[in-house]
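# Predicted structure and sequence below. I'll ask about it afterward.
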Amino acid sequence: MRANSQTRREKQKEELRAQILRAAGEEFSAHGYDGFSLRRVAERIGYSPTTIYLYFRGKDDLLLETVRDGFAHFDAQIERAATHSDPSRRLCEIGLAYLRFGLENPALYRLMFLQRADFFVLRLTGIGTPDEQQNALEAQNAPHHRVAAQDFLVKTIEEGIRRGEFRAQNPIFQADALWAAMHGLVSLAIGPLMSPEHAQEIAPQLLEILIDGLKP
């Protein structure tokens, strides 16, 4: 009986934590980083802000977990797209999936890649304590903190090199060049300088130019 009660309490804690994360994602999507409010997150789930502090140290800790959850969805979306047997077509699929994620989740994309670069590093290194945060920030300049999407790019380019379809150059540098181009397009499209519709129209042409540049 006691074991069942303990299991039930642990499950309730997990469910409430997941509920807080969902509410935080909704709050962030609605108000962005600067307007994010723990009080409104608490209102969304029907608890007091004190309850949130039982699970997270504060705003940044909660948003860091939101970023980790965002990267999980981002990586899964890229993986689902990277299915074509031809490396060139697969790179195109990855690029379009990258753009789609950014356009569908503009506030989250800004948090993941633009507004809080330290969250990007903390998510990858698994470092989350304040005492270790400075070390993670100093590590931002390390050349290859990678996410699954980047690994898919590197592996696809390596395959293309083995098959003689791409030039035999550093696949990490080639992957980072592709990533930089798509990141730039997403950044324009979720900002005031380019409409999302225009970004979607030019993305295939941009990817064609980039992928042609890999070929012998």
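Done, it's in.

# For this structure, name the helix or strand with the lowest mean pLDDT.
With mean pLDDT, DSSP states H and E as the measure, the helix or strand of the chain carrying the lowest mean pLDDT is helix 130-138 (a mean of 47).

# so after it, what's the next helix or strand?
helix 148-162 (DSSP states H and E).

# any idea how far residue 157 is from the closest residue to residue 59 other than its chain neighbours?
Distances taken as C-beta to C-beta, 6 or more residues apart in numbering place residue 38 nearest to residue 59, at 5.8 Å, with adjacent residues excluded. C-beta coordinates here come from the backbone N, C-alpha and C atoms, glycine included. Residue 38 is 43 Å from residue 157, where distance means C-beta to C-beta, to the nearest Å.

# Who has more neighbours out of those two?
Shown here are residue 38 and residue 157; by other C-beta atoms under 10 Å, residue 157 has more neighbours (26 against 18).

# any idea whether the spatially most central residue of the chain is helix, strand or coil?
For the chain, the residue sitting closest to the mean C-alpha position, by C-alpha atoms, centre = their mean, is residue 71 at 3.6 Å. Secondary structure assignment for residue 71 (DSSP: H, G, I helix; E, B strand; the rest coil): helix.

# so the residue nearest to residue 62 when sequence neighbours are not counted, which of the three states?
If the residues on either side of it in the chain are set aside, residue 62 comes closest to residue 56, at 4.2 Å by C-beta to C-beta, 6+ apart. For residue 56, the secondary structure call by three-state DSSP comes out as coil.

# pretty sure residue 56 contacts residue 20?
Yes - using C-beta atoms under 8 Å, residue 56 is in contact with residue 20, at 7.3 Å.

# Now list whatever residues contact both of those two.
Common neighbours of residue 56 and residue 20, using C-beta atoms under 8 Å, 6 or more residues apart in numbering, are residue 62.

# Who has more neighbours out of the two?
For residue 56 versus residue 20, the count of surrounding residues by other C-beta under 10 Å is larger for residue 20: 24 against 20.

# Provide the secondary structure category for that one.
Secondary structure, three-state DSSP: residue 20 is helix.

# likewise residue 214?
Reducing the assignment to helix, strand or coil with three-state DSSP, the entry for residue 214 is coil.
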